[in-house]
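[1] sequence and predicted model, in that order:
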Amino acid sequence: MLSAASKNEAFGVYVHWPFCLSKCPYCDFNSHVRHAAIDEDRFARAFAREIETTASRIGGRDVTSIFLGGGTPSLMQPQTVAAILDAIGKHWRVAPDAEVTLEANPTSVEATRFAGYRSAGVNRVSLGVQALDDASLKMLGRMHSAREALDAVAIARRSFERYSFDLIYARPDQTAEAWTSELELAIKEAAEHLSLYQLTIEEGTPFFGLHAAGKLKTPDEGLARDLYDVTQDVCDHHGLSAYEISNHARRGAECRHNLVYWRGQEYAGIGPGAHGRLDIDGIRHATSTEKRPEAWLVRVEAGGHGVVADDVLNSEERADEFLLMGLRLAEGIDPRRYQALAGRPIDPRRIALLREEGAIAVDSDGRLRVTQAGFPLLDAVVADLAA
């Protein structure tokens, strides 16, 4: 884990590349398919411009992590990635040990391209594998096979010291036995980090309509809980305990960039549809940019940035966000920080009741954390504590 000093000083930069080869039916992220060639040089200039504008607004920062997300950032040419990272380094000081992650899909993984990303400054990749059997991949709308996914993981292993990949579980017709076998295989391939997400049906996606029509059946609540328990047990057995509700890692291999979010720290959001949390003159701002890629591009070229929302968070909003994000972590939160943000403590009666129910624990140093039994009820636990 990060030292206490580096926790306090963490500052991340998130860069959103919004393009994909195809739109997955479960995905509600800001991703877009374009059949014509993308003008990467133009987008790279716009990214650099928005970075410059953001830096001029917030002043000097020491960047501890950079995350190139999407979309499918591995569709970018390595020189585009290099240009973006160079722009960040031009306007902020990048720590010598900064974590620089790039998301990749197995369909766009090539050894030569990965070598180019490494030369550009990327030192960690996160692969969108999603499943390790072909029938599930087809159902999820993925364009790669299980074999291609494992080949991509092998390329990542040869190219980078640090890599991770995602899997989706609680899929239609999935059994606990099948998920156990799939997870065992994943852990053999994963080395240090896995992101394991339960399939959720998001409004506005093709899966939402199919689910509403009864044409897509997901596991019932009991089976979903069994699959969650299998996930924890198998990962714990192999030394990849959950450090966040959906993320598992060996000690010291946690994704440092995502910890910035969950610990309520500061980060800049660059690119179409990116969100940020910026401290300006001691005030926390929640920013978001224009989602439509071409509209974002025009805004940046005309005015230097694509920001369409810049909201000042009051103390109560900051405290609620800190609680919501921080309790996702196995390490939990320091209630004193919540009190400093909110101007009031968490109600001790609510803490006592949730402790009695086994949903939360209070450590010897006073930290408040959700138990493994409480994690499946996380939203209700957070709502109760925030009330």
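    Received, thanks.
[2] for the residue nearest the centre of the chain, give me its contacts.
    By Cα atoms, centre = their mean, the mean C-alpha position of the chain lies nearest to residue 258, the distance being 5.7 Å. In this structure, residue 258 makes contact with 67, 244, 247, judged by Cβ atoms under 8 Å, 6 or more residues apart in numbering. C-beta: built from backbone N, CA, C; applies to glycine.
[3] could you turn the buried ones of these into a ChimeraX selection?
    Of these, the buried ones go into a single ChimeraX selection, burial set by 16 or more other Cβ atoms under 10 Å:
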select :67,244,247
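[4] so which of the contacts of residue 258 belong to strands?
    Here DSSP state E is the test, and the contacts of residue 258 give 67, 244, 247 as lying in strands.
[5] want to throw those into JSON lines with distance to residue 43?
    As requested, the ones in strands among the contacts of residue 258 are exported to JSON lines (distance: Cβ to Cβ, whole Å):
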{"residue": "67", "distance to residue 43": "17"}
{"residue": "244", "distance to residue 43": "31"}
{"residue": "247", "distance to residue 43": "29"}
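[6] could you dump the residues you listed to JSON lines with pLDDT and distance to residue 153?
    Listed next are these as JSON lines, based on pLDDT from 0 to 100; distance: Cβ to Cβ, whole Å:
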{"residue": "67", "pLDDT": "98", "distance to residue 153": "19"}
{"residue": "244", "pLDDT": "97", "distance to residue 153": "21"}
{"residue": "247", "pLDDT": "97", "distance to residue 153": "17"}
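[7] among the residues you listed, which one sits closest to residue 156?
    Using Cβ to Cβ, residue 67 is the member of the ones in strands among the contacts of residue 258 that lies nearest residue 156, at 16.0 Å.
[8] verify the stated contact: the closest one with residue 16.
    No. The pair residue 67 and residue 16 does not pass the contact test of Cβ atoms under 8 Å, sitting 9.3 Å apart.
[9] quick one: residue 338 from residue 195, how far?
    As for residue 338, its distance to residue 195 is 27 Å (criterion: Cβ to Cβ, to the nearest Å).
[10] then residue 263?
    When distances are taken as Cβ to Cβ, residue 263 and residue 195 turn out to be 17 Å apart.
[11] okay, these two: which has more neighbours?
    For residue 263 and residue 195, the more surrounded residue by other Cβ atoms under 10 Å is residue 195, and the numbers stand at 21 against 18.
[12] now the more buried one. Nearest residue, chain neighbours left out?
    residue 166 (4.5 Å; Cβ to Cβ, 6 or more residues apart in numbering).
[13] the helix or strand hosting the one you found pairs with which strands, and in what direction?
    Under the assignment given by DSSP states H and E, the secondary-structure element containing residue 166 is strand 162-169. On the basis of DSSP bridges, the sheet neighbours of strand 162-169 come out as strand 124-130 (parallel), strand 193-198 (parallel).
[14] and the contacts of it?
    Residues from elsewhere that reach strand 162-169 (Cβ under 8 Å, 6+ apart): 26, 99, 123-132, 140, 149, 153, 156-157, 179, 182-183, 186, 189-199, 227, 231, 253, 255.
[15] can you verify my assumption that residue 85 contacts residue 98?
    No. Judged on Cβ under 8 Å, residue 85 makes no contact with residue 98 at a distance of 9.9 Å.
[16] shared neighbours, those two?
    Shared contacts of residue 85 and residue 98 (Cβ under 8 Å, 6+ apart): residue 66.
[17] give the residue spans of the protein that score low on pLDDT.
    With pLDDT under 70 as the threshold, the chain has low-confidence stretches at 1-8, 28.
[18] thinking again about what came up before, out of the strands paired with strand 162-169, which is closest to residue 350?
    Taking Cβ to Cβ as the criterion, residue 350 comes closest to strand 193-198 out of the strands paired with strand 162-169, the separation being 26.4 Å.
[19] parallel or antiparallel, list what pairs with the longest strand along the chain.
    With DSSP E setting the assignment, residue counts place strand 93-104 as the longest strand in the chain. Looking at strand 93-104 with DSSP bridges, its partner strands are strand 62-70 (parallel), strand 124-130 (parallel).
[20] distance to residue 108 added to the ones you listed, as CSV?
    Rendered in CSV, the data for the strands paired with strand 93-104 read as follows (distance: least, Cβ to Cβ, whole Å):
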stretch, distance to residue 108
strand 62-70, 11
strand 124-130, 10
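[21] pick the most deeply packed of those strands.
    The highest mean neighbour count among those belongs to strand 124-130 (a mean of 25), with neighbours defined as mean count of other Cβ atoms under 10 Å.
[22] re the thing from before, can I have the buried ones of the contacts of strand 162-169 as a ChimeraX selection?
    Per 16+ other Cβ under 10 Å, the buried members of the contacts of strand 162-169 correspond to this ChimeraX selection:
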select :26,99,123,124,125,126,127,128,129,130,131,132,140,149,153,156,179,182,183,186,189,190,191,192,193,194,195,196,197,198,199,227,231,253,255
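[23] still on that earlier bit, between the ones in strands among the contacts of residue 258, which is nearest residue 373?
    Nearest to residue 373, judged by Cβ to Cβ, of those is residue 244 at 16.6 Å.
[24] show the contacting residues for the closest one.
    If you count contacts by Cβ under 8 Å, 6+ apart, residue 244 has them with 258, 262, 328-330.
[25] relative to residue 42, how far out is the closest residue to residue 30 other than its chain neighbours?
    Residue nearest to residue 30 in three dimensions, not counting chain neighbours: residue 273, with 3.4 Å by Cβ to Cβ, 6+ apart. Remark: distance between residue 273 and residue 42 (Cβ to Cβ) = 18 Å.
[26] what of residue 308?
    20 Å.
[27] compare the two (neighbour count), which wins?
    For residue 308 versus residue 42, neighbours defined as other Cβ under 10 Å are more numerous around residue 308 (14 against 11).
[28] hmm, the more buried one is touching residue 300, no?
    No. In this structure residue 308 lies outside contact range of residue 300 using Cβ under 8 Å: 11.6 Å.
[29] now the helices for the stretch 101-250 of the chain?
    Counting by DSSP state H, counting those that start in this stretch, the stretch 101-250 of the chain forms helices over residues 111-120, 134-139, 146-159, 176-190, 206-212, 221-237, given from the N-terminal end onward.
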